[in-house]
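Novice: okay, sequence plus prediction incoming.
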Amino acid sequence: MSDQTAKVEEYLVRALLDGTYPPGGTLPGERELAGRLGVSRRNVQGVVQRMAKDGWFTTGERSKTRVNDFWSRGNLAVLNTLAANMDDGPGFVRDLLAVRRVIAPVYALEAVGRDPLRVVRCLARDLAAEDAEGLAGFDFELHLTLAGLAENRIYPMLLNSFDSLARRAGRLYFSHTACREASRRFYQRLLTAAAGGDARAAGRHTAAAMKESCRLWREITREEGSACGVGTAGETTRQHTL
């Protein structure tokens, strides 16, 4: 990405997030944007077309570029852009935990059923001294390994799409002692199940751990929100666009 296209994309993303261009509205013309930003019209056109493919905009040959509700129309590229630009870490953690609660028990069960030894090797690591950064990296790699061993080939692709977002959310989640302790207990239970080749137990332990992670995060953000006004990702965007 050139400096000019990076400048255009940064401007548009910021303007979308702060409500300068709200959902349902339209962008200024390409010539106007190019003059405002001091870039070529071709650079503006290329960025707008690429962002439209991701779901930010709806474009037409002779009509103005319309701003979409990116929460409902955006793809995974939009999600990662939001994660890099919005100050709403707690909301993203909550939403990612909710997604994992649905799919993680399935790929954990299938992973232990298909290759328990590989799961054991992945888990056989002393994590007692790991800090938030270390656990965030380990946790992501564990889930990626489990997803890669599952029958559904979409699971690892989905997790890979979340890579930077998941690691950032993991660092925030594991910055809390209760979250680190709960996850270490889960890893030990999953290790025991994998060592015994018990796929059903692996699925049960994973389901319980994902449910517990959602509960812990609700409690943590409720406490912090009472003092800091923490909201959810969607709430933050609505406040910007109302």
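Specialist: Now that the structure is in, tell me what you want to look at. Numbers count the residues shown, from 1 in each chain.
Novice: what's the nearest residue to Arg185 if we skip its chain neighbours?
Specialist: Distance criterion CB to CB, 6 or more residues apart in numbering; nearest residue to Arg185, sequence neighbours excluded, is Ala209 at 7.9 Å. C-beta coordinates here come from the backbone N, C-alpha and C atoms, glycine included.
Novice: what residues sit buried inside the helix or strand encompassing that neighbour?
Specialist: Using DSSP states H and E, Ala209 sits within helix 199-228. Applying a neighbour-count criterion of 16 or more other CB atoms under 10 Å, one finds 199, 201-207, 209-210, 212-214, 216-217, 220-221 buried in helix 199-228.
Novice: per-domain residue ranges of the chain.
Specialist: 3-74, 79-241 (automatic domain parsing).
Novice: quick check: end-to-end length of the shortest one?
Specialist: What it means is domain 3-74. By CA to CA, to the nearest Å, the extent of domain 3-74 from end to end equals 24 Å.
Novice: give me the distance from it to the chain's centre.
Specialist: Counting by CA atoms, centre = their mean, to the nearest Å, domain 3-74 is centred 23 Å from the centre of its parent chain.
Novice: could you do stretch 175-183 as well?
Specialist: Worked out by CA atoms, centre = their mean, stretch 175-183 lies 19 Å from the chain centre.
Novice: do a quick rundown of the strands in the protein.
Specialist: Remark: strands assigned in the chain by DSSP state E are 57-58, 66-67.
Novice: what packs against the first one?
Specialist: Helices and strands touching strand 57-58, by 3 or more CB pairs under 8 Å, 6 or more residues apart in numbering; DSSP states H and E, are helix 41-54, strand 66-67.
Novice: now the ones you listed in TSV, with mean pLDDT?
Specialist: Below are these laid out as TSV (pLDDT from 0 to 100):
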stretch	mean pLDDT
helix 41-54	95
strand 66-67	96
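Novice: so for Leu76, which of these sits nearest?
Specialist: helix 41-54 (8.6 Å; CB to CB).
Novice: got the buried residues for that closest one?
Specialist: By neighbour count with 16+ other CB under 10 Å, helix 41-54 contains the buried residues Asn43, Val44, Gln45, Gly46, Val47, Val48, Met51, Ala52, Asp54.
Novice: relative to Leu127, which of the residues you listed is nearest.
Specialist: Looking across the buried residues of helix 41-54 and measuring by CB to CB, the closest to Leu127 is Asp54, at 36.3 Å.
Novice: got a list of what that closest one touches?
Specialist: Gly74, Asn75, Ala77, Val78, Thr81 (CB atoms under 8 Å, 6 or more residues apart in numbering).
Novice: now with 7 Å?
Specialist: Gly74, Asn75, Ala77, Val78 (CB atoms under 7 Å, 6 or more residues apart in numbering).
Novice: how about the residues you listed, which pair is most distant?
Specialist: Top of the distance list for those (CB to CB): Gly74 and Ala77, 7.7 Å.
Novice: need the pLDDT of the residue nearest the centre of the chain.
Specialist: Central residue of the chain (CA atoms, centre = their mean): Leu165, 4.3 Å from the mean position. You'll see Leu165 listed with a pLDDT of 84.
Novice: for it, give me its contacts.
Specialist: Counting by CB under 7 Å, 6+ apart, Leu165 has contacts Leu79, Asn80, Ala83, Phe92.
Novice: what's the answer for Thr81, then?
Specialist: Val13.
Novice: if we use 8 Å, what do you get?
Specialist: Per CB under 8 Å, 6+ apart, neighbours of Thr81: Val13, Asp54.
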